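# What follows is a predicted protein model with its sequence.
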Amino acid sequence: GQQVMQIPQYQHVQEGEDFTTYCNSSTTLSNIQWYKQRPGGHPVFLIQLVKSGEVKKQKRLTFQFGEAKKNSSLHITATQTTDVGTYFCADNTGGFKTIFGAGTRLFVKA
Amino acid sequence: GAVVSQHPSWVICKSGTSVKIECRSLDFQATTMFWYRQFPKQSLMLMATSNEGSKATYEQGVEKDKFLINHASLTLSTLTVTSAHPEDSSFYICSARGTVGQGSNTEAFFGQGTRLTVV
């Protein structure tokens, strides 16, 4: 079935360093979504990318959708301790349901 | 954003008993609700998709007789874990989408999740 691969599985950074997580699909995606889940919490929607090559920014977060619409990335500039959590990409191409990537756990050391 | 309320937030039950989890969309009509299971340090695995007034569609490998899903109204879906066993212990999360207004075709709005522990 449809599947999005996400790397890395986890990353430790020093506060102030940058962080990037990547998602790849073997099939073309009509759109991709990104979510953040804080420890002990539930996923919270961050953004949806639809267009080929699309780039969107939310403060220190930059989201990109590849030209072929098979990959996407989330980049955080100058991480803060509040960025701690697991970041998931998600594919809702398959009709109406949302399939999540494995997630990248971000640890930020103050 | 739209609000989805899930109850209870945690539950401990004895092996062999059944547990019902409720998921309510508070400020929009959720024609479709999704149920996920998340084991520690793992991703969310879709269990089933439920549409209001019809039978749920289960993902491969999910036992429909064990995980009973009911979506009787546009604001409520329930998941019942029947004859629970310790291996069913997990974090169960619902999400909802509507067709008009909130949650129409973009993000999934998630409930707070239910942590089930079967002893």
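Here it is on my side, so go on. Numbering: from 1, shown residues only, chains lettered A, B, ... in the order given.
# quick one, what contacts residue 4?
Just going to use chain A. Contacts for A:Val4 were tallied using Cβ atoms under 8 Å, 6 or more residues apart in numbering or on different chains; they are A:Cys23, A:Asn24, A:Ser25, A:Leu29, A:Ile32, A:Cys89, A:Ala90, A:Asp91, A:Ile99, A:Phe100, A:Gly101. Quick note: C-beta positions are derived from backbone N, CA and C, even for glycine.
# Not quite, go with chain B.
Listed by Cβ under 8 Å, 6+ apart, the contact set of B:Val4 reads B:Cys23, B:Arg24, B:Ser25, B:Leu26, B:Ala30, B:Cys94, B:Ser95, B:Ala96, B:Phe109, B:Phe110, B:Gly111.
# Show me which of the residues you listed are buried.
Using 16 or more other Cβ atoms under 10 Å in any protein chain shown as the burial test, those include B:Cys23, B:Arg24, B:Ser25, B:Ala30, B:Cys94, B:Ser95, B:Ala96, B:Phe109, B:Phe110, B:Gly111 as buried.
# I'd like to know how many residues surround B:Glu63.
Residues contacting B:Glu63 under the criterion other Cβ atoms under 10 Å in any protein chain shown number 10.
# three-state assignment of it?
Secondary structure assignment for B:Glu63 (DSSP: H, G, I helix; E, B strand; the rest coil): coil.
# and the contacts of A:Val4 near chain B, which?
Applying Cβ under 8 Å from any Cβ of the partner chain, the subset of the contacts of A:Val4 adjacent to chain B comprises A:Ala90, A:Ile99, A:Phe100, A:Gly101.
# which SSE is B:Ser77 in?
Counting by DSSP states H and E, the element that carries B:Ser77 is strand B:76-81.
# wait, I meant A:Trp34
In this structure, A:Trp34 is located in strand A:32-37 according to DSSP H and E.
# what packs against the helix or strand following that strand?
Per DSSP H and E, the first helix or strand lying C-terminal to strand A:32-37 is strand A:44-49. Counting contacts by 3 or more Cβ pairs under 8 Å, 6 or more residues apart in numbering or on different chains; DSSP states H and E, the secondary-structure elements packed against strand A:44-49 are strand A:32-37, strand A:55-58, strand A:61-65.
# For chain A, state which of the buried ones among the contacts of B:Val4 is nearest.
B:Phe110 (4.4 Å; Cβ to the nearest Cβ).
# tell me the contacts of the closest one?
If you count contacts by Cβ under 8 Å, 6+ apart, B:Phe110 has them with A:His42, A:Pro43, A:Val44, B:Val4, B:Ile93, B:Cys94, B:Ser95.
# Quick check, pLDDT for the fifth one.
B:Ile93 carries a pLDDT score of 96 in this model.
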